[in-house]
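> Fold the following and give me the result.
(one chain, ligands or ions: 3)
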Amino acid sequence: MMVKITIGRVVLVLCALVALGLGVAAAGLVPIAASSGHWKITDWFLHWTMQNSARTYSAVQTPKSVRDDSGLVSAAGHFRQACQVCHGAPGEPPSPVMQAATPPAPDLAKTAGHYTDRELFWIIRHGVKYTGMPAWPASGRDDEVRRMVGFVRRLPTMTTQQYRDFTEQALTAAAPSAAAGCTGCHGADGMGRGQPDIPVIAGQDTAYIAQALRQYRAGKRGSAAMQAASAGLDDRAIRTLSAYYAGLEGLPRTSIVPLHPIAAQGLPEAQLPACASCHAEGKPPPRIAGQRPEYLAERLRQWRGDDTVIDVHKPRQPMAVIARRIPAEDIDQLAKALSRATP
Ligand code: HEC
Ligand code: HEC
Ligand code: HEC
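Ligands and ions are numbered 1, 2, ... in the order given. Predicted structure coming up:
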């Protein structure tokens, strides 16, 4: 018997197929159990789709610079607190619980080489849907993502010892136990292990340290590294840690007036107030003399960034306005001058 193919019949068959598909889904017959894994072909297809997607979107959705090899300590420390549980790390197997997911997270030491820096940046920044691979939790922190790309690139050749050196530093006898989650990045002495992106917290003002930790914990100050590090701290731990780090020898209490003309007088023609009018002993703003120059400059640039909202109802948060009034070409030089203070 010949069946004539008409448009009407094709539409009818398509409708029937859609209805059948919906029926199967409605009846709960689509297998979603992670325990059985994907079929080989599904696995290949999904991963192939993900790689193609990363290639296409990374070509248009990434900033000019996508990799930074200068902040390996903070990136390694963040990898340890946020990625190792799924992916494993040198000398550290992934959690068997996480490896029971479908798909299980790959060993990045083996797979990172399949991707360009641009693709790694895109995957780490945006995550991968339906796999558990999370997006970067802090927006406006492409600098952190760049450092993570630098770190992931190093994984294929990184030894267990190197990974430990990046992420661990023993507590001193006087340190409270809560500091165990801090020393890997900030050092046992709170000086930041000489890293450009990790601020000196030793000798910082107690109330300011506590306020910064509460802001990170609440996600009000964006930093994936610090959001993860502060997530488990209760108010008591915050008080203990603030008092401890404030009591260590670190940032000097000297006046910033002699360090730079902008610190002393500001720039009246740009309506830029003198930094020293707020950053002075006995006032709430943090100590900035003796701080890491790269960190100071990066903080000022973040306040100038597009993500920063200037809220006129919050005159107590003046730095976004102030940072925008500092001439762009003066930022690095000003940050360097401020960092040079010695006790
Ligand atoms: C909850 C588990 C989980 C966590 C936590 C996690 N990932 Fe993933 N990640 C995955 C899974 C699963 C994939 C595989 C996605 C795929 O194949 O489509 C993946 C893929 C990747 C890839 C692409 C590599 C490849 O072979 O496909 C990179 C790079 C990556 N993750 C980096 C990170 C970094 C960096 C962190 C920490 C900031 C992190 N991941 C945290 C589960 C996780
Ligand atoms: C994974 C690395 C890492 C760990 C672990 C870590 N920090 Fe940090 N910390 C950083 C980085 C990087 C910054 C700068 C973040 C930014 O740009 O806001 C920072 C910023 C801070 C600040 C703000 C300083 C300022 O001048 O504004 C405080 C306070 C702080 N950390 C305290 C702690 C304490 C206390 C712990 C332990 C509970 C801890 N950190 C754990 C990397 C880390
Ligand atoms: C009106 C008061 C005021 C003036 C003037 C001011 N600041 Fe600030 N500054 C603050 C406050 C308040 C904070 C804390 C902001 C926060 O925690 O969100 C801060 C924070 C900072 C930080 C971050 C420090 C850290 O440890 O993270 C830097 C860097 C900074 N200021 C630089 C400057 C410079 C440079 C000038 C001069 C051009 C200046 N400030 C002038 C009030 C001021």
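
> Alongside ligand 2, which residues does the protein contribute?
Proximity of the chain to ligand 2 is confined to 74, 77-78, 181-182, 184-186, 197-199, 201, 204, 209, 212-213, 221, 223, 225-226, 229-230, 233, 241, 286 under the rule Cβ under 6 Å from any ligand atom. In short, each C-beta sits where N, CA and C put it, glycine included.

> For ChimeraX, write the selection for the buried entries among these.
Buried residues among the residues of the chain next to ligand 2 (16 or more other Cβ atoms under 10 Å), as a ChimeraX selection:
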select :74,77,78,181,182,184,185,186,197,198,199,201,204,209,212,213,221,223,225,226,229,230,233,241,286
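
> near ligand 3, from the residues of the chain next to ligand 2?
When contact is defined as Cβ under 6 Å from any ligand atom, the residues of the chain next to ligand 2 meet ligand 3 at 199, 286.

> Which of the residues of the chain next to ligand 2 fall within helices?
74, 77-78, 184-186, 209, 212-213, 225-226, 229-230, 241 (DSSP state H).

> Quick check, central residue of the chain?
In the chain, the centroid-proximal residue (Cα atoms, centre = their mean) is residue 224; its distance is 3.1 Å.

> Regarding the residue nearest to it when sequence neighbours are not counted, what are the backbone dihedral angles?
Nearest in space to residue 224, with sequence neighbours left out and distances taken as Cβ to Cβ, 6 or more residues apart in numbering, is residue 138 at 4.6 Å. Main-chain dihedrals, residue 138, degrees, to the nearest 10: phi -110, psi 120.

> residues in contact with residue 138?
In this structure, residue 138 makes contact with 144, 219, 222, 223, 224, 227, judged by Cβ atoms under 8 Å, 6 or more residues apart in numbering.

> what's the neighbour count on the third one?
This points to residue 222. Using other Cβ atoms under 10 Å, residue 222 is surrounded by 18 other residues.

> Please apply the same query to residue 330.
Neighbour count of residue 330, defined by other Cβ under 10 Å: 16.

> same deal with residue 337?
20.

> Not counting sequence-adjacent ones, nearest residue to it?
Spatial nearest neighbour of residue 337, chain neighbours left out: residue 260 (4.0 Å); criterion: Cβ to Cβ, 6+ apart.

> just checking, the one you found touches residue 339?
No: with contact defined as Cβ atoms under 8 Å, residue 260 and residue 339 do not form a contacting pair (10.6 Å).

> and residue 57, what is it in contact with?
For residue 57, the set of contacting residues under the criterion of Cβ under 8 Å, 6+ apart consists of 122, 126.
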